[in-house]
Structures are given as structure tokens and as C-alpha cells.
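Q: sequence unknown, structure follows:
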């Protein structure tokens, strides 16, 4: 997983509330177990018409928002089913930070496991940042300082210390397990010596 410390980008703003995971990545794209290739189908039913043509009015179909690394969204983002494909699609599209006033819990936790920083701030602050999106001006998100900078202003945000460490060090669940390889090896050797029948292969 890529390390995350800070990011600077013109944010893309989706004012809709209650954007669920089926809107983020529709069910027909869940057959893959790969984390790549889903970006083109992100928000598929909002980005494309029935003929598969891009809908010009949709934010992420337009410059510079189609290259945004930061997404501003309405409250309760990521609700619905627990599909991990949702953060996969966001990440593959290029989104590395999602800012909202509230998130669905499972989606929120899945973001951290897939290199995306979800930031919770109050709704009024989201609207203030949305003005920078409309003006096509960059904002800075600094995870180490837990701070968003825009213009001559800044907003502090809270984040769990362990989740912060994992993002900064680029550790997903596999990475966390690999950090404990020496302890796992030591345990297996002890079990092998004390109870060899448990490790016997038939």
C-alpha cells in the first residue's frame, strides 16, 4: 500500500447526500478480485448514459476534476453494502482523500485499509471547501499534522492514532502481518518442538 503523508489537489465536489457503495461502484462490476481497473466504472450510473456516453454535467467527467485526488461529498458517504470494491474504485480513479461530515462505518474503515484517508469535518466546513472546488483552487491535506489548509485558513481533523500510523507507513492488513513474521516464526518453532504432531503434514 502506498504511504500517505500529505496531498495537494483541486477537490472535486459531489453535493449529494447518502451516496451508497452501489452508486460508487455498481454491482455488475464486483466480479473482479483485482484492486485495479475499477476506476473507469466509478460512479458509473452517474457518469454515463444508457448508451455508455459520458454525461457532461457530472463533475468527475470534466477538467480539472477528472484528475482530482481529493473528493468532497455530502453526509453519510459510503452507506449501503460493505463492498470493499468501493474504495478500490476510488483509489484506482486517483482519489486518495475523501472529505465529508459523516461516513458509513464499514466504508470508513475500508478506506484506511486501501490507502485512502477519509476526513470527517463539520458540514459547514465542507461547504466552505466546496467554494475552492468551484473556483478550481487547490487545498492541502496533511495527515501528519491532521490539518486541511485552504487559502489563509486551516481546519484540524481527528483520526485514530493506529489508523494514522498505518497510512503514513503504508501498512495494510498484510503489511501488519508481515511486521510480525519473526514472532510468528518463533511461535511455530516453539509449537514444533513442544507439540510436533500439530504441525505434522499427512
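A: Nice, thanks for sending it over. Quick caveat, the model's predicted, so the values are computed rather than measured.

Q: mind listing the helices for this protein?
A: Listed in chain order, the helices found in the chain under DSSP state H are 21-24, 44-47, 85-93, 105-113, 123-134, 161-169, 173-178, 181-194.

Q: how close does the closest residue to residue 61 other than its chain neighbours sit to residue 44?
A: Leaving aside its chain neighbours, residue 61 sits nearest to residue 54 (4.8 Å; criterion: CB to CB, 6 or more residues apart in numbering). Any C-beta I mention is one placed from the backbone N, CA and C, and that applies to glycine too. Look at residue 54 and residue 44: by CB to CB, to the nearest Å, they are 11 Å apart.

Q: which of these two has more neighbours?
A: Neighbours per residue, other CB atoms under 10 Å: of residue 54 and residue 44, the larger number sits with residue 44, 17 against 13.

Q: Correct me if wrong: the more buried one contacts residue 27.
A: No - using CB atoms under 8 Å, residue 44 is not in contact with residue 27; the gap is 10.4 Å.

Q: Lowest mean pLDDT across the helices of the chain, which one is that?
A: Lowest mean pLDDT of the helices of the chain: helix 173-178, a mean of 56.

Q: Next, the contact list for the residue nearest to residue 61, please.
A: The contact partners of residue 54, taken as CB atoms under 8 Å, 6 or more residues apart in numbering, are 47, 48, 61.

Q: Thank you, goodbye.
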